[in-house]
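Trainee: From the sequence below, what's the structure:
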Amino acid sequence: MRVAGIANQTSLYYQRLSSGKKINSAADNAAGLAIAEKLLRQQNGYDMGTRNAGTASDMLKVSDGALSSITDSLQRIRELGVQAGNTATYGADDLSSIQQEIDQLKDHISSVASTAQFNGRNLLDGSASGLHIASGPDGSGTTLNLPDSTLKALGIADFDVTKDFDLSVIDKALDQISGSRSSLGAKSNALDHVMNFNQYASFQTTASRSRIEDLDYGAAVSDLKKNQILDAYRLQMQRRQNDEFGRVIQLFQFQNR
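Mentor: Next up is the predicted model:
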């Protein structure tokens with residue numbers, strides 16, 4: 001029985017050394033296992049929250065790039081509008097030529113607003129509102145609303161310099177896009193802070209779980225060697241006791257002959 005117990009204890013040491021963990025089953029430390037699993041759940045939540053926030057940040061960068069392109073087109077439309085306002089030198093044919101370029105720029109804005117996508121989701125056509133970003137370890141997070149940047153939403157669908165036109169509508173569109181980009185930039189910065197916190201929290205949670213679950217190899221090897229020496233000593237003493245008991249039995253049998 002003692003030999004079997006020694007073998008089981010030695011096997012347990014080798015199991016821990018091979019797995020690198022102090023807790024390999026609930027029998028090893030039921031309370032410790034429950035705490036370690038809870039910490040692992042939290043750690044996984046932080047890691048996934050970091051990935052979700054990173055993906056959302058990438059989506060915001062794509063949106064900002066598309067809005068930057070729209071801004072460039074609006075700035076050019078404004079320049080052309082100022083040029084068209086110089087009626088002292090430009091006639092109807094000239095205004096028609098200017099409007100042709102403006103129409104091309106408006107087509108570009110419309111195309112960007114309708115085709116800018118991230119992972120198959122349209123970003124700037126007004127459909128991307130109420131988007132939940134699960135950046136917290138428990139699935140909580142923040143809501144994202146991407147701007148509607150279509151010609152109608154910007155109020156420039158009917159802008160035409162061959163007719164009476166108001167240049168202020170282009171200024172309002174520029175202000176609208178600038179405001180949207182500022183909002184997206186602030187949201188992107190907030191997500192960066194969330195990712196930094198999640199990474200820090202995940203690291204600390206992992207360290208806490210490691211102290212409960214992971215094996216100290218140096219101490220484990222030292223304990224194994226110590227127990228091997230003690231086990232060898234116990235076996236030796238047991239054999240000696242058995243030998244002495246055997247001699248006593250032989251002597252007793254000899255005296256009774």
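Trainee: Quick check: the residue lying closest to Ala84 once chain neighbours are set aside vs Ile35, distance?
Mentor: Spatial nearest neighbour of Ala84, excluding adjacent residues (C-beta to C-beta, 6 or more residues apart in numbering): Val161 at 3.7 Å. C-beta: built from backbone N, CA, C; applies to glycine. Distance check for Val161 against Ile35: by C-beta to C-beta, to the nearest Å, it reads 71 Å.
Trainee: so where's the longest helix in this structure?
Mentor: Criterion DSSP state H: the longest helix present in the chain is helix 30-84.
Trainee: Report the next helix or strand after it in sequence order.
Mentor: Going down the chain from helix 30-84, the next helix or strand is helix 92-115, by DSSP states H and E.
Trainee: on that earlier part again, the more surrounded of Val161 and Ile35?
Mentor: More crowded of Val161 and Ile35, by other C-beta atoms under 10 Å: Val161, with 22 against 16.
Trainee: Can you classify the more buried one by secondary structure?
Mentor: Under DSSP: H, G, I helix; E, B strand; the rest coil, Val161 falls in the coil class.
Trainee: Was I right to think it contacts Thr87?
Mentor: No - Val161 lies out of contact with Thr87 (C-beta atoms under 8 Å); the separation is 10.0 Å.
Trainee: Quick check, central residue of the protein?
Mentor: Nearest residue to the geometric centre of the chain (C-alpha atoms, centre = their mean): Arg51, 1.7 Å.
Trainee: roughly how far apart are it and Ser110?
Mentor: Distance, Arg51 to Ser110, by C-beta to C-beta: 34 Å.
Trainee: before we move on, what about Thr143?
Mentor: Distance of Thr143 to Ser110, computed by C-beta to C-beta: 27 Å.
Trainee: Where do the helices of the stretch 101-250 of the chain begin and end?
Mentor: Ranges of helices in the stretch 101-250 of the chain, per DSSP state H, counting those that start in this stretch, are 151-154, 168-213, 217-255.
Trainee: Thanks again, I'm all set now.
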